[in-house]
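>>> just to be clear, the model below is a prediction. Sequence and coordinates:
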Amino acid sequence: MNEVPPSNEDPDDIDDRYRRAALLAHSRPSEAVRRTILEHAAKRAAEHAAAQSVENEPVQIRRRTPAAFRSRWRPAIFGSLAAAALAGLLVTPLWRSPRILPDSGSTQTDNAAPPAQTIARVESPTTQGLGAAKQNLQPAPMADSAARQAAAAPRPALARPSAVAGASSTAPPSSAAPPSSAAPPSSAAPPSSAAPPAVATAPPMAQAPALMSAREMATSRAAPARALAARQRGDAPELWQASESGDVIGLRAILERPVEIDARDPLGRTALMLATLHARAAAVEALLAHGADPNIPDMRGKTPLDVARAQNQAQIVTALERAGAR
Amino acid sequence: MTNSGDTDEALMARFARGDAASFEQLYRRHEQRVWRYLERNVGNRATAEELMQDVWFAVARDARRYKPEAKFTTWLFTIAHNRMIDSIRAQRRPMSLDALGYEAESVIEHLTTNPADGPLAAADASDKAAALMRAVDQLPSEQRDAFLLQIEGDLSVEEIAAITISSFETVKSRLRYARSKLRELLQEYA
């Protein structure tokens, strides 16, 4: 998609060298910036989701209205029917009993049956707590249904256990175990693998930097480099970075605090050497003004003055010589 | 929910529908390139961090306006370029790189991932990297911007021309001069 860089002379070598240098540098924004951006994005995502739902609202209303209508009116209809049945149950005996009471005992028994039948027909789905009067009126059907259920129960109970036993001996291990073993890696592993690099980039600022000799640096190949880094954390990385980047304001702020100004980085370079290496004349002068030692060599034995002379950095050479560099 | 194989455009579309995880994936995918582009152009870590936030805030805010027909990186680096230019104009200072942003920590990581390289080799590699970055610092601003847009944004000459409001030939020329100048500076240093 992209064009070949417009150079006739081996265009890729500079690009390759740049990419290698970029990988080596590996500078990145602070964790605080990253967190702020992602938190902001999460809020925006919620807003976008809300906006999206507003856009879809007319469609949802059309779909929801009938469902909402049904869901609202069905209970209302059944509720009102149940209430009417209850009212009928309570009121009907009152209407009929005055007519029954003046009659003879034979008519009472004749008239007792119809109300009970109507009650059983109307209120059976909804009313359960009508009391002993209703239960006394219809003992036989309930007993029959219970007996039918009891009689029917063993048959499915004989059929189902075998099916369940078969299912439990085969299906559960194959269906239950995989989700429990497969789900955690898919859900838990990515976040745990994604999170550590972000956390690992923020150096703890607790330990004071330690000064390392060239001999220590030479023997450090055997020691894990990360352990060296851990020993040198503190203000030193800030000092090195400010010196490299020529951030004189930041550098002065660091130098106001108690800091080992001649602390060496893992390659044996002091802040003064780093400032020299990156041609940061103002940083060199700030470091010298705060008492940086101009004669500490790096692990190759090169002093800041050697580097400044090799790079023809006249201003830095002058500043170093004035500070007693040899 | 998101897939590492998703295109930038697909992730943007999902984020625009409210999926925050898509944005995070997108951010992690392009964080370093945008960061290097900004930091090397503005030359100040604090300013670069402010710009970094501005750029990604703008991406998050305008996600619903993003048209998937346009390549995401072109859109992203257009925002980054515009923010960077605005910042430089606001500060009224020339575009120059005083900061490298190169961390000693990363050298340690490099050492640990390349056990065959000794500290001396790492020091030499670090010196060469510093030399190259210094050379990038010394490029004229337009050349540096074009070079970084191409190498960090992976943008074509036409895209860079559109972003920087320049002609195709002008951008082509800037890129050619930038590489030539880098080569010269590196030879001087060696």
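Right, received. Where do you want to start? Residues are numbered from 1 along each chain as shown, chains lettered A, B, ... in the order given.
>>> contact partners for residue A:270?
Contacts for residue A:270 (C-beta atoms under 8 Å, 6 or more residues apart in numbering or on different chains) come out as A:261-264, A:292-293, A:296, A:298, A:304. Just so you know, the C-beta spots here come from the backbone N, C-alpha and C atoms, and that holds for glycine as well.
>>> any residue of stretch B:62-74 up close to chain A?
Yes - Stretch B:62-74 is in contact with chain A by C-beta under 8 Å from any C-beta of the partner chain, via B:63-64.
>>> low-confidence ranges, chain A, go.
Within chain A, the stretches with pLDDT under 70 are A:1-12, A:24-26, A:56-73, A:93-234.
>>> in it, which residue sits nearest chain B?
Relative to chain B, the nearest point of chain A is residue A:49 (2.6 Å; C-beta to the nearest C-beta).
>>> show me what the helix or strand that residue falls within is packed against.
Using DSSP states H and E, residue A:49 sits in helix A:31-55. With contacts taken as 3 or more C-beta pairs under 8 Å, 6 or more residues apart in numbering or on different chains; DSSP states H and E, helix A:31-55 sits against helix A:154-200, helix B:8-16, helix B:20-42, helix B:45-61.
>>> so for that helix, what gets flagged as buried?
The neighbour-count check on helix A:31-55 (16 or more other C-beta atoms under 10 Å in any protein chain shown) flags A:33-34, A:36-38, A:40-41, A:44-45, A:48-49 as buried.
>>> and those residues, which is closest to residue A:321?
residue A:33 (40.7 Å; C-beta to C-beta).
>>> shaky segments in chain B?
For chain B, the ranges with pLDDT under 70 are B:1-4, B:92-119, B:188-190.
>>> burial count for the closest residue to chain A within it?
Of all residues in chain B, residue B:18 sits closest to chain A, at 2.6 Å by C-beta to the nearest C-beta. Each residue near residue B:18 was counted by other C-beta atoms under 10 Å in any protein chain shown, and the total is 18.
>>> kindly report the same for residue A:23.
14.
>>> work out for me the element it sits within.
Going by DSSP H and E, residue A:23 is in helix A:11-25.
>>> now that helix against helix B:20-42, angle please.
Counting by axes from the mean of the first three to the mean of the last three C-alpha atoms, to 10 degrees, helix A:11-25 points 110 degrees away from the direction of helix B:20-42.
>>> packing partners of helix A:11-25?
Where contact means 3+ C-beta pairs under 8 Å, 6+ apart, helix A:11-25 is packed against helix B:104-113, helix B:119-137, helix B:141-153, helix B:168-189.
>>> quick check: the closest residue to residue B:17 other than its chain neighbours vs residue A:272, distance?
In space, not counting the residues next to it along the chain, residue B:17 is nearest to residue A:52; the distance is 5.3 Å by C-beta to C-beta, 6 or more residues apart in numbering or on different chains. According to C-beta to C-beta, to the nearest Å, residue A:52 and residue A:272 sit 57 Å apart.
>>> returning to what we had before: is the residue of chain A closest to chain B in contact with residue B:20, as I believe?
No - contact criterion C-beta atoms under 8 Å: residue A:49 and residue B:20 do not qualify, at 9.0 Å.
>>> what residue is smack in the middle of chain B?
residue B:37 (2.3 Å; C-alpha atoms, centre = their mean).
>>> quick check: chain neighbours aside, which residue is closest to it?
Residue B:37 sits nearest to residue B:152 (C-beta to C-beta, 6+ apart), 4.4 Å away.
>>> what about that neighbour, neighbour count?
Neighbour count of residue B:152, defined by other C-beta under 10 Å: 24.
>>> do residue A:298 as well
Residue A:298: 25 neighbours (other C-beta under 10 Å).
>>> what of residue B:40?
Neighbours of residue B:40 (other C-beta under 10 Å): 25.
>>> touching, residue B:182 and residue B:136? I think so.
Yes - counting by C-beta under 8 Å, residue B:182 touches residue B:136, with 6.9 Å between them.
>>> who touches both of those two?
Joint contacts of residue B:182 and residue B:136 (C-beta under 8 Å, 6+ apart) are A:18, B:147.
>>> of these two, who's got more company?
More crowded of residue B:182 and residue B:136, by other C-beta under 10 Å: residue B:136, with 26 against 23.
>>> from memory the more buried one sits against residue B:145, does it?
No - counting by C-beta under 8 Å, residue B:136 sits too far from residue B:145 to count as a contact (10.9 Å).
>>> circling back to that earlier point, and the residue nearest to residue B:17, how close does it get to residue B:183?
Counting by C-beta to C-beta - residue A:52 and residue B:183 are separated by 51 Å.
>>> chain center to whichever strand or helix holds residue B:87: distance?
Assigned by DSSP H and E, residue B:87 falls within helix B:72-91. Helix B:72-91 sits 11 Å away from the centroid of its parent chain (C-alpha atoms, centre = their mean, to the nearest Å).
>>> before we move on, the earlier item: what residues does the residue of chain B closest to chain A make contact with?
So residue B:18 contacts A:45-46, A:48-50, A:52 (C-beta under 8 Å, 6+ apart).
>>> rerun that using 6 Å as the cut-off
Residue B:18 sits next to A:45, A:48-49, A:52 when contact means C-beta atoms under 6 Å, 6 or more residues apart in numbering or on different chains.
>>> mind saving the C-alpha coords of the helix holding residue A:23 as CSV?
What follows is helix A:11-25 as a C-alpha-only set of coordinates in CSV (Å, rounded to 0.1, in the frame of the first residue of the first chain):
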residue,chain,number,x,y,z
PRO,A,11,16.6,3.3,1.1
ASP,A,12,16.0,0.6,3.7
ASP,A,13,19.2,0.8,5.6
ILE,A,14,18.3,4.0,7.4
ASP,A,15,14.8,2.8,8.0
ASP,A,16,16.1,-0.5,9.4
ARG,A,17,18.6,1.3,11.6
TYR,A,18,15.9,3.6,12.8
ARG,A,19,13.7,0.8,13.7
ARG,A,20,16.4,-1.0,15.6
ALA,A,21,17.3,2.2,17.5
ALA,A,22,13.6,2.7,18.3
LEU,A,23,13.4,-0.8,19.7
LEU,A,24,16.5,-0.3,21.8
ALA,A,25,15.2,3.0,23.1
